[in-house]
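Enquirer: Just need the structure, nothing else, for what follows:
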Amino acid sequence: MMDRCWSLLISARSNNRSYVLHLVPMLTTGMLGTTVWTLSPLSAEAQAQTAAPSTRTLDPNTASGNTSSSAAPVDFCNSSNGDPRGAAAARDPAINSGCATPADVRQQQQLAGLVPPRQVDLQVEVLRAQAALDRCSTALEKHRLLVTLKETNQAAFYALLQQDLETLLPLVYTPTIGDACLNWGVLLPRPTGLYISLRDRGNVAALLQHWPSDEVRLAVITDGERILGLGDLGAHGMGIPTGKCVVYGAAGANPEWLLPVTVDVGTNNSQLQQDALYVGLPQGRLRGQEYFDLMVELVQGLQERFGRTVLVHWEDLAAKNAFQMLQLVRNMRVPTFNDDIQATAAVAVAAVLGAVRVPGALPLQQQRFLFFGAGQANIGTARLLTKALQQQGLSAAAAKSRIWMVDSKGLILSTRTNLTPQKAEFAQNPSNLPGGRAAATALESSSKMQAGNSNSSSLSSSNSISGSISSYDDSDDVVQQLAAVVAAVQPTALVGAAAVAGAFGQPVIEGLVQSTHIAGGPSARPIVLALSNPTNKSEVSYADAMRWSSNKVIYASGSPYPPICFDPAAAAAAAAAAAAGDGSMKATCSMSGNGG
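Expert: Take a look at the predicted model:
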C-alpha cells in the first residue's frame, strides 16, 4: 500500500512546446520505492511563468524613482523586498547576465557602472563563453571555466549547457566531476553549496537560514564517504551534490529550487587529514547514533525552512549508512530517495530492458545475471530487477535464482556466515550452480590455486567454494578469479559496480560470450553493464568489450566514452581466425573525434 506519492515538476521545452517532467518517488510500506518519470504538457499559466527571463521577481515599485540610472544612489544592502542591489546584485549570478543584463534590470538593481555599458542578446554571452571554453585544453580546465560561468552568469551558463548537453554534461558531472572532487582543495572558484559539519549539531536550522533562496524544493545531500569509485573524499565530495543540481537545472529545474549540501562528519582518508589544503574537518568520521541524529536534524531543518514537500535526494553515502538512512527518513514520512540505491537501479534496469530488445539478446526471463560488487547500487538494481523478472511471470524465488552476486569475499552463497541483511537476500545455494557440484568443485579448486599465489594472501579459506575475490588490489588476480566464477555461474549478463578498473578482462568477457552461447546458441549476444564511475574505474571499456567479444556484446556504461568507429570486416576476420585457432588477427577499432 502506498504511503505517499510526491511529484517534482521540472519544466522543459521541445519543438517550441513546453512540458513538465514529473519525478515521482513511490514510497511504499516495507520496500524501497521506484523512481518514475513522466512527461506531460505544461498548462498555459505555467508556460507563462517559465517564459519569464529572470528567476527573481523584480518589483518596479522598489526601484529608484530617478529615471537616470547613473544618478541613482547605490544601495549596497538588500532592498526592502529582499532583492539585492548595487554590488550585491552584481555578485548575484541570477541577476547579473553581463552585457546581456536587460536595461530595466540594470536600473532596478542599480547596476549602472557595475556591468559593461554595451547591451547584447544572451546568445552573445553564450558565444563568449563557448569561445573561452574552446581555449581550454583539458576536461578539468573546461570544468573550472564552466563553474566560473555558473557562479557569475547563471543565464549564460544554462543557455550554453542546454545548447550542447551531450558534450557539456560530461564536463560538469561524470566523469569530469571525479577529477574536480580529487582537486577540490585547489579548485578555484568552487561552486556554491551548503556545508553542515558535526560542529553544527544543535544549530543546523540557523545555518539553513543562510541559504539565499526561499524557494528550495529539492536538497541533494552527501557525506562524501563513497564518492563515485574514488572512496572517502569527505568535504571534497561537495562536487557531487553541486554537480547533480546542475543536472537538474539542465533538465529545466529552476536553480532557485535546488540546494546542494555536504555534511562534513570527518573523513577516514588519512591523506586528506594531513593535507593543509583540505577544506573539511581533518579528523576521523563520526559514527553511530550521533551521525544519524545530525542527519535527522538536517532533514527536520529542511522541512522547517522550506516546507514538508521538500524532496531529500541522498548521494554517495556508504552502504552501511545508506540503507538505514533511507528507511529512517521514509519512516519520518519525508519525501526522499537514494540516488545510488534507487535511481541507479532504475537506469540500470531500463538499460537491461532495452538490451533484451536488441536482436540476439535472450528474453529477460532467460537471462542469468552476475553482479560484480554487492554495494548499494547493485543491491538496489538486483531488487528492482527481481520485480521486473516477476512481471515476466517468474515467482519471487525463481526471479532471485536468476541473480548471482560477487563481493570482495567471492560469490555470495548461503553457506557463508555474517552476511548483511541486504546481501543475504541474494545468497544462493551452491547446489543451484548451473554446473552442479562439478562447478562448485572447479570453483573451489580455482580458489585454492589463487590462495597459493603470494599476491592473494588475503583470500578467505572459510569461503573457498565461492571463489574468493577478497583482494581488489591486483587486477590480474581479480580477472582470473572472476573468470572462474563466470565459468561456474554461466551468466548471460554482467553488471559491474565495484569500481575495480579492468575487472571484466578478456578471459571474463570471453567466458561470458561462451556461457551465453550455451544458453541461447551461437547467435546469442551477452549483456555487459560497466557502471562504475568515473571511466578510469570502469570494469571494461566499450572498445575492449567489443573487441574481446567479436562485436557481440550489448554494452552500457556509467559514464560516456568517446565515440568509436569499428571496422566490421576486420572484426569478422578476427572472429573467423579465432574459430580456426589463429590468434594472430584481432578486431581493430579507431577513436573518432567527431562522433563518426
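Enquirer: Could you list the low-confidence segments of the stretch 151-300 of the chain?
Expert: Along the stretch 151-300 of the chain, the model assigns pLDDT under 70 to no residue.
Enquirer: for it, what spans make up the strands?
Expert: Under the criterion DSSP state E, counting those that start in this stretch, the stretch 151-300 of the chain contains strands at 194-197, 218-222, 258-264.
Enquirer: among those strands, which is nearest residue 433?
Expert: Comparing the strands of the stretch 151-300 of the chain by their distance to residue 433 (CB to CB), the top pick is strand 218-222, with 38.5 Å. All C-beta atoms are positioned from the backbone trio N, CA, C, and that covers glycine.
Enquirer: Parallel or antiparallel, which strands does the closest one pair with?
Expert: Strand pairing for strand 218-222, determined by DSSP bridges: strand 258-264 (parallel), strand 311-314 (parallel).
Enquirer: ok, and for the helix of greatest length in the chain, which residues are buried?
Expert: Looking across the chain with DSSP state H, the single longest helix is helix 289-306. For helix 289-306, a neighbour-count test (16 or more other CB atoms under 10 Å) marks 291-292, 294-299, 301-303, 305-306 as buried.
Enquirer: ditto for stretch 550-563
Expert: In terms of neighbour count (16+ other CB under 10 Å), stretch 550-563 has its buried residues at 550, 551, 552, 553, 554, 555, 556, 557, 558, 559, 561.
Enquirer: and those as JSON lines, adding distance to residue 516 and pLDDT?
Expert: Formatted as JSON lines, the buried residues of stretch 550-563 follow (distance: CB to CB, whole Å; pLDDT from 0 to 100):
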{"residue": "550", "distance to residue 516": "12", "pLDDT": "92"}
{"residue": "551", "distance to residue 516": "14", "pLDDT": "91"}
{"residue": "552", "distance to residue 516": "8", "pLDDT": "94"}
{"residue": "553", "distance to residue 516": "9", "pLDDT": "95"}
{"residue": "554", "distance to residue 516": "10", "pLDDT": "96"}
{"residue": "555", "distance to residue 516": "13", "pLDDT": "95"}
{"residue": "556", "distance to residue 516": "16", "pLDDT": "93"}
{"residue": "557", "distance to residue 516": "19", "pLDDT": "92"}
{"residue": "558", "distance to residue 516": "22", "pLDDT": "87"}
{"residue": "559", "distance to residue 516": "25", "pLDDT": "83"}
{"residue": "561", "distance to residue 516": "22", "pLDDT": "79"}
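Enquirer: Now go through those residues and say which are in strands.
Expert: Using DSSP state E to define strands, the subset of these located there is 554, 555, 556, 557.
Enquirer: and of those, the nearest to residue 95?
Expert: Taking these together and measuring to residue 95 by CB to CB, the closest member is residue 557, at 39.3 Å.
Enquirer: now the closest one: how far from residue 175?
Expert: Using CB to CB, to the nearest Å, residue 557 is found at 10 Å from residue 175.
Enquirer: Over to residue 318?
Expert: The gap separating residue 318 from residue 175 is 21 Å, by CB to CB.
Enquirer: Over to residue 548?
Expert: Distance, residue 548 to residue 175, using CB to CB: 22 Å.
Enquirer: again with residue 214
Expert: On the measure of CB to CB, residue 214 and residue 175 end up 34 Å apart.
Enquirer: Could you check which of the two is surrounded by more residues?
Expert: It is residue 175, of residue 214 and residue 175, that has more neighbours when counted by other CB atoms under 10 Å, with 21 against 10.
Enquirer: Relative to residue 283, how far out is the nearest residue to that one once chain neighbours are set aside?
Expert: Leaving out its chain neighbours, the residue that sits closest to residue 175 by CB to CB, 6 or more residues apart in numbering is residue 534, at 3.4 Å. Between residue 534 and residue 283 the distance is 27 Å, computed by CB to CB.
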